[in-house]
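**Q** Next come a sequence and a model predicted from it.
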2 protein chains.
Amino acid sequence: MVTAQILTIGDELLSGDTVNSNLAYLGERCRRLGIAVIRALSVRDRIDEIVAALVEVGDWADLCLVSGGLGPTSDDLTAEAVARACGVPLERNAEAEVTVAAMFARFGRPMPEINRKQADLPAGADMLFNPIGTAPGFAVRLPESAATGRRCYVACMPGVPREMKRMMAEQIEPRLARELTLQTTPRRVYRAIGRGESAIAVDIEPIVAAARGRSPGLTNLYLHYRAAAPQVLIIAEGTAGPDGARATAEELAGLDAPFVEALQPALYGLGEADLPARVVAALRAAGKTVATAESCTGGRVGALLTEVPGASACYQGGVIAYDNRVKQGLLGVAAADLAEHGAVSEPVARALATGVLRALGTDFAVATTGIAGPDGGSPEKPVGTVDIAVADADGCSYKRLRLHGERGLIQHMAALWALKLLWDRLVERGLARVELLD
Amino acid sequence: MVTAQILTIGDELLSGDTVNSNLAYLGERCRRLGIAVIRALSVRDRIDEIVAALVEVGDWADLCLVSGGLGPTSDDLTAEAVARACGVPLERNAEAEVTVAAMFARFGRPMPEINRKQADLPAGADMLFNPIGTAPGFAVRLPESAATGRRCYVACMPGVPREMKRMMAEQIEPRLARELTLQTTPRRVYRAIGRGESAIAVDIEPIVAAARGRSPGLTNLYLHYRAAAPQVLIIAEGTAGPDGARATAEELAGLDAPFVEALQPALYGLGEADLPARVVAALRAAGKTVATAESCTGGRVGALLTEVPGASACYQGGVIAYDNRVKQGLLGVAAADLAEHGAVSEPVARALATGVLRALGTDFAVATTGIAGPDGGSPEKPVGTVDIAVADADGCSYKRLRLHGERGLIQHMAALWALKLLWDRLVERGLARVELLD
């Protein structure tokens, strides 16, 4: 299997100023291409440190994907570092110079002199066209490794995520298909909300143990757990073992039935599609609509749904009923319920759901009200107490959550839980089912 | 300066299943503690690869912060790897065993046998208490490096973010203060929306060049740019140069006046506080309220505002007017405007803002309507066309955006731009100003 390192460059990745989302994106692309990312390294904008990272990768990896450090400013050093690692000078690349200038022309802006530097590439590099930014990328092969005799293929992309993604898809992936021999790893993802990682492991490890004897590929089966509250993903991969055997996609699919049985009702899906995408797909397929009434989640349920392309076919909109006056005024929550039970209570959660169902005339409605913290908790209703409800013409489901974590995490967990309650109602109504969706 | 590596362990970090947010958190904590994170490494759940990462860090770093691999399942290998790197066996730690069992007792669940493994720590390790999860952490010193004679301090935390954060704050930071000699790096952050990285560099690099001669510390000033559309942060740090001199906080503050002058009106703030936090702080200080009317952003403006603790003092709520019927029904947008100009138009954006201002009775209102894609664009209004408006009793501001990127990114950029338009209106009204807010 082709082995790779992802090298992300930039002080901001190490100082906490930026969450390294490029790493996850490139990791996913490699996985789908059948490239084993063995490790990921982030280094600062320091020439010696970047050169050292490039020199050492040549001894073990077939591929090094690099992002960052292609900009015009004084801390952008990737081209110079790659040139040093290759033992070649930087050269003004005529094609790159034209594309940088063309980008400024397209944006209707004069090109600052410093941007000319972006056309200086390691001599002999293969320029990678950037259709949406001023930083061209480039690819080179490192000198032959003294240890292995291999010449690692290094592809450098901008750090700006959308430019990186476009260059990866349009410029680098086609080159990788030519330069390397790729074989995809089959994998299966099981998605659950409502059962902890340990309990899931107890439920499924016997199933996996029983499967391992069935074939050399299944014996090598690689299983891992990803806990991202409130969700746990169980990922089974046909990774090759020392004997080279790997489970086939069909063998992995054989795990579906016992996993689904063991993990109900927490399990909501198989495959890459996440919960918001599944909710939207089920509603669209059924020709049904949904609305949201959010207090403590402040718009996150709507944001999760509307990030799914095509959500407008089922999501009508909603009310962010943050203040109690909005709960009463727009959604008809009774002042008596608010006074007697408090805003975070079963009656209010139900009234929010039925209120927005009526106000927007949808088939389903989902509501949240809770205490996200850091203040506002009480002994009976500590921070993390969240009431969620789902309404349709036949009535209303309700659940009280006891969440733990920081404000933003509580809001995120509550929003996903609200969609899970909606999902469960769709399943009950026969409008959704646990199925493979990639 | 104390040097560190952050080592994050887990297949999910390399396969694209998880965005490595722990890295950013630990990076920020180190920065604030005056620890220079030189590099960050992510490795798979493979014993040999984890051991190799630990052995090599001992040769150059004073500190290695580790997260992940402390769970109960078969792919959790951190304790074993650290034991091997230290050349000691794993031992059942009595204190850890009690705390794991106590955690299950507290949750009212029986302890699965596999969780007992979580109490097996490298012999001689210092156990780190985990008050909110079943995985205890631990700290050790690696054997003396043959190269440097140093003994790297290794602290291992769970990968679950909220458990990691709590352990870092309560268990590790106090130990670091005892074990290492720390000195914080002064830094200054300038925050802008509405001017590109290159243009900003052209504007401010002469200011920095002029400052460099003023003192040895300023000569060593380290400047970097973080572009995260639609925002650019300019970060100036008093990093020590080869001569050991570093800019003081006072010297950095001397950059404020020329930077603010050069970067208006894009610059909205100095310091660590982000735009939503500033908007909430300004509204609270002025005793004013705000509401949102969101179409294409689907709740993201509300989500940004409500993630700020204390947002309830100024944010009343809003309407997610995704479908045109909601725009008309709840916010009184005229059917004629929708028919004549389309939902993405100046009249509709203004009507959304004034409609929600009236419906919720707030002092300010902010509205978005646009085409997030991937479908729905036209030659006159391509994907990424977003109209935003801000209303108050005196009238309405409006701006058309032309954004580029994927659906989720367009929605995110539109939501931040909407808050920037609100910020600009608050500045015009004398209710907000560019100031240091950490």
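**A** Now that the structure is in, tell me what you want to look at. Computed from a predicted structure; not experimentally measured.

**Q** what's near enough to touch the closest residue to A:R39 other than its chain neighbours?
**A** Taking CB to CB, 6 or more residues apart in numbering or on different chains as the measure, A:R39 lies nearest to B:V43, with 4.9 Å between them; neighbours along the chain are not counted. All C-beta spots, glycine's among them, are computed from the backbone N, C-alpha and C. When contacts are counted by CB atoms under 8 Å, 6 or more residues apart in numbering or on different chains, B:V43 is found next to A:38-39, B:7-9, B:14, B:49-50, B:53.

**Q** Does A:L416 touch A:V232 like I think?
**A** No: the pair A:L416 and A:V232 does not pass the contact test of CB atoms under 8 Å, sitting 11.9 Å apart.

**Q** Name the residues contacting each of these two.
**A** Taking CB under 8 Å, 6+ apart as the contact criterion, the residues that touch both A:L416 and A:V232 are A:I193.

**Q** Check which helices and strands the worst-scoring helix or strand of chain A on mean pLDDT sits against.
**A** Taking mean pLDDT, DSSP states H and E as the measure, the helix or strand of chain A with the lowest value is strand A:222-228, at a mean of 84. Strand A:222-228 is packed against helix A:197-212, strand A:231-237, helix B:11-14, with contacts defined by 3 or more CB pairs under 8 Å, 6 or more residues apart in numbering or on different chains; DSSP states H and E.

**Q** can you state the direction angle for that strand and helix A:197-212?
**A** 160 degrees (axes from the mean of the first three to the mean of the last three CA atoms, to 10 degrees).

**Q** Give the buried residues for strand A:222-228.
**A** Buried residues in strand A:222-228, counting neighbours by 16 or more other CB atoms under 10 Å in any protein chain shown, are found at A:222-228.

**Q** which residues of the stretch 51-200 of chain A score low on pLDDT?
**A** For the stretch 51-200 of chain A, applying pLDDT under 70 flags no range at all.

**Q** how about the strands in it?
**A** Per DSSP state E, counting those that start in this stretch, the stretch 51-200 of chain A has strands spanning A:63-67, A:90-92, A:120-122, A:126-128, A:137-141, A:153-157, A:187-193. These are given in chain order.

**Q** strands paired with the fourth one, and their directions?
**A** It refers to strand A:126-128. strand A:137-141 (antiparallel) (DSSP bridges).

**Q** to the chain's geometric centre, what's the distance from the partner strand?
**A** The chain centroid and the centroid of strand A:137-141 are separated by 27 Å under CA atoms, centre = their mean, to the nearest Å.

**Q** Kindly export that strand (C-alpha atoms) in CSV.
**A** Coordinates of the C-alpha atoms in strand A:137-141 are reproduced here as CSV (Å, rounded to 0.1, in the frame of the first residue of the first chain):
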residue,chain,number,x,y,z
GLY,A,137,1.1,24.9,-6.2
PHE,A,138,3.8,22.6,-7.4
ALA,A,139,5.0,19.0,-7.3
VAL,A,140,8.5,17.5,-7.2
ARG,A,141,10.3,14.3,-6.5
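
**Q** Run the angle between that strand and strand A:153-157 for me.
**A** 170 degrees.

**Q** Tell me how chain A divides into domains.
**A** If the domains of chain A are taken from automatic domain parsing, they occupy A:3-179, A:187-270, A:278-428, with pieces of a single domain joined by a plus sign.

**Q** quick revisit: ok, so of the contacts of B:V43, who is nearest A:R150?
**A** For those, the closest approach to A:R150 (CB to CB) belongs to A:I38, at 13.8 Å.

**Q** which residues does the closest one contact?
**A** A:3-5, A:60-61, B:14, B:43-44, B:49.

**Q** re earlier: put together TSV for the strands of the stretch 51-200 of chain A, with mean neighbour count on each row.
**A** Compiled in TSV, the strands of the stretch 51-200 of chain A are given as follows (neighbours: other CB atoms under 10 Å in any protein chain shown):
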stretch	mean neighbour count
strand A:63-67	27
strand A:90-92	15
strand A:120-122	23
strand A:126-128	18
strand A:137-141	23
strand A:153-157	26
strand A:187-193	22
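
**Q** how about JSON lines for these, with distance to B:L436 added?
**A** Converted to JSON lines, these look like this (distance: least, CB to CB, whole Å):
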{"stretch": "strand A:63-67", "distance to B:L436": "32"}
{"stretch": "strand A:90-92", "distance to B:L436": "39"}
{"stretch": "strand A:120-122", "distance to B:L436": "37"}
{"stretch": "strand A:126-128", "distance to B:L436": "41"}
{"stretch": "strand A:137-141", "distance to B:L436": "37"}
{"stretch": "strand A:153-157", "distance to B:L436": "35"}
{"stretch": "strand A:187-193", "distance to B:L436": "42"}
